[in-house]
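# Here is a sequence together with a model predicted from it:
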Amino acid sequence: MRVAVFGAGAIGGHVAFRLARGGADVSVVARGAQGAAIAEKGIRVITPELDETRRVTCSADPAALGAQDAVIVTTKATALPEVAKAIGPLLGPDTPVAYVTNGIPWWYFHKEGGRHEGTRLDALDPSGALWDGVGIARTIGGVVYSACTVIEPGVVKVAQAKSRVILGEPDGSISDRAKALSAALEAGGMGGPVVPDIRTAVWEKLSGNVASGPLSILTGKGLSGMIGDPVLRAAGIEAMEECLRIAAAYGCDVKLDVAARLDQWGGFTHKPSILQDLELGRPMEVDAQFTVPLKLARMVGVETPTLDLLVALAAARANAAGLYAG
């Protein structure tokens, strides 16, 4: 199976490594120091269980890689319009594109089946570059659980032993194309379940991000540092519960013990990716993870007072750093 990973930061590098480890023919679109290191030495991944390097084909130019059987996009949501402009050479007539991103996905209301069916989220897909340009029919949803950090160019450190990419079709079907990607990931040691309710998986992951993200931006602390403070812990619980109320209003019943989830963070020093972006001066995914969920809340009349405050403060911090223009 020929699979291209578009964007080889921490998550993309880990995904590409797993695909290569499982025997897929892997290409990576990457540039800068990371791309140069991967092209020269391959991708090295360090986890609690392994320390290995896998060689992959790497280029900054998608045209050099050719049409693929599947593409996995792992860039930040802020980079998706640029992906839309460049991805064309990777696409054959039936090439699916799995978007493995944080936050509310740009395709959320495609085949959603509710009263907002077909609504477009312009903040996430300006001018329809993804929906119309790449093609909505190619889309597979993806949610990733993998606490990763690029510790030097071409080297990804993974905090936990087990990682997974949850895949799902927007219409809820269990498709052959999603199952093929799942098999390729699992062959390399990464979980890749295909689910009929990918939006529920989106909200479950997002509930943690809307709590940890703003608090980490405002405090500069990793997960354990935040949850050790009782006031911050209480704010995190309320933020997660508000997020889950939004999810429920859209028909997604997330089964989650919020307090237990935060307790798990107590021994986890990993910094949320959005805090890493702030510290490294990279564009921050404020819209996908924070402001768009609140827009969805307003669309269905869900009140979110804690999130309103946390998101406003986090957005102001990101704006002051010049990393968010909202």
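Done, it's in.
# residue boundaries of the strands in this structure?
If DSSP state E is used as the criterion, the strands of the chain fall at 2-6, 25-29, 43-46, 51-54, 57-59, 70-73, 97-100, 139-145, 148-152, 155-158, 164-168.
# Out of those strands, the one nearest residue 185 is which?
With respect to residue 185, and counting by Cβ to Cβ, the nearest of the strands of the chain is strand 164-168 at 5.8 Å. The C-beta positions use only the backbone N, C-alpha and C, and glycine is treated the same way.
# Okay, angle between that closest one and strand 139-145 too, please.
For strand 164-168 against strand 139-145, the angle by axes from the mean of the first three to the mean of the last three Cα atoms, to 10 degrees is 150 degrees.
# got the domain boundaries for the chain?
2-196, 200-320 (automatic domain parsing).
# can I get those domains in a markdown table with distance to residue 326?
As requested, the domains of the chain are exported to a markdown table (distance: least, Cβ to Cβ, whole Å):
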| stretch | distance to residue 326 |
| --- | --- |
| domain 2-196 | 8 |
| domain 200-320 | 6 |
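# ok, of the ones you listed, where does mean pLDDT dip lowest?
Out of the domains of the chain, domain 200-320 stands lowest, with a mean of 92 (criterion: mean pLDDT).
# Can you give the distance from that one to the centre of its chain?
In terms of Cα atoms, centre = their mean, to the nearest Å, the centre of domain 200-320 is found 14 Å from the chain centre.
# Now do the end-to-end distance for that domain.
33 Å (Cα to Cα, to the nearest Å).
# returning to that earlier point: now mean neighbour count and distance to residue 80 too, for the strands of the chain, in a markdown table please.
Output for the strands of the chain, formatted as a markdown table (neighbours: other Cβ atoms under 10 Å; distance: least, Cβ to Cβ, whole Å):
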| stretch | mean neighbour count | distance to residue 80 |
| --- | --- | --- |
| strand 2-6 | 27 | 10 |
| strand 25-29 | 25 | 13 |
| strand 43-46 | 22 | 22 |
| strand 51-54 | 14 | 26 |
| strand 57-59 | 20 | 20 |
| strand 70-73 | 27 | 7 |
| strand 97-100 | 24 | 8 |
| strand 139-145 | 22 | 12 |
| strand 148-152 | 17 | 19 |
| strand 155-158 | 22 | 22 |
| strand 164-168 | 23 | 17 |
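# Just tell me which of the ones you listed ends up closest to residue 128.
Proximity to residue 128 (Cβ to Cβ) singles out strand 139-145 among these, at 13.0 Å.
# Listing partners with orientation, what would you give for the closest one?
Looking at strand 139-145 with DSSP bridges, its partner strands are strand 97-100 (parallel), strand 164-168 (antiparallel).
# would you turn those into CSV with distance to residue 295?
Output for these, formatted as CSV (distance: least, Cβ to Cβ, whole Å):
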stretch, distance to residue 295
strand 97-100, 19
strand 164-168, 22
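# Export stretch 223-231 to CSV, keeping only CA atoms.
The C-alpha trace of stretch 223-231 is given here as CSV (Å, rounded to 0.1, in the frame of the first residue of the first chain):
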residue,chain,number,x,y,z
LEU,A,223,-0.6,18.4,32.5
SER,A,224,0.6,17.4,36.0
GLY,A,225,1.5,20.9,36.9
MET,A,226,-2.0,22.1,36.2
ILE,A,227,-4.0,19.4,37.9
GLY,A,228,-1.9,19.7,41.1
ASP,A,229,-3.6,23.1,41.7
PRO,A,230,-7.2,22.5,43.1
VAL,A,231,-8.5,25.7,41.5
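# Go ahead and name everything in contact with it.
Taking contacts as Cβ atoms under 8 Å, 6 or more residues apart in numbering, the residues outside stretch 223-231 that touch it are 212, 215-216, 219, 232-233, 236, 262-263, 265-272.
# Which of those are buried, as a PyMOL select command?
Restricted to buried positions by 16 or more other Cβ atoms under 10 Å, the PyMOL selection for those reads:
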select buried, resi 212+215+216+232+233+236+262+265+270+271+272
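# In this structure residue 275 contacts residue 214, no?
No - taking Cβ atoms under 8 Å as the definition, residue 275 is not a contact partner of residue 214, at 10.0 Å.
# Looking at those two, which is more packed in?
Remark: of residue 275 and residue 214, residue 214 carries more neighbours, 30 against 23, as counted by other Cβ atoms under 10 Å.
# check contacts around residue 110.
When contacts are counted by Cβ under 8 Å, 6+ apart, residue 110 touches 118, 131, 136, 139, 170.
# show me what contacts the second one?
Under the criterion of Cβ under 8 Å, 6+ apart, the contact partners of residue 131 comprise 106-107, 110, 120, 125.
# Top of those residues by number of neighbours, please.
Among the contacts of residue 131, residue 106 has the most neighbours (other Cβ under 10 Å), with 28 neighbours.
# Who are the contact partners of that residue?
Residue 106 makes contact with 77, 80, 99, 121, 124-125, 130-131, according to Cβ under 8 Å, 6+ apart.
# how much space between it and residue 254?
Distance from residue 106 to residue 254, counting by Cβ to Cβ, to the nearest Å: 21 Å.
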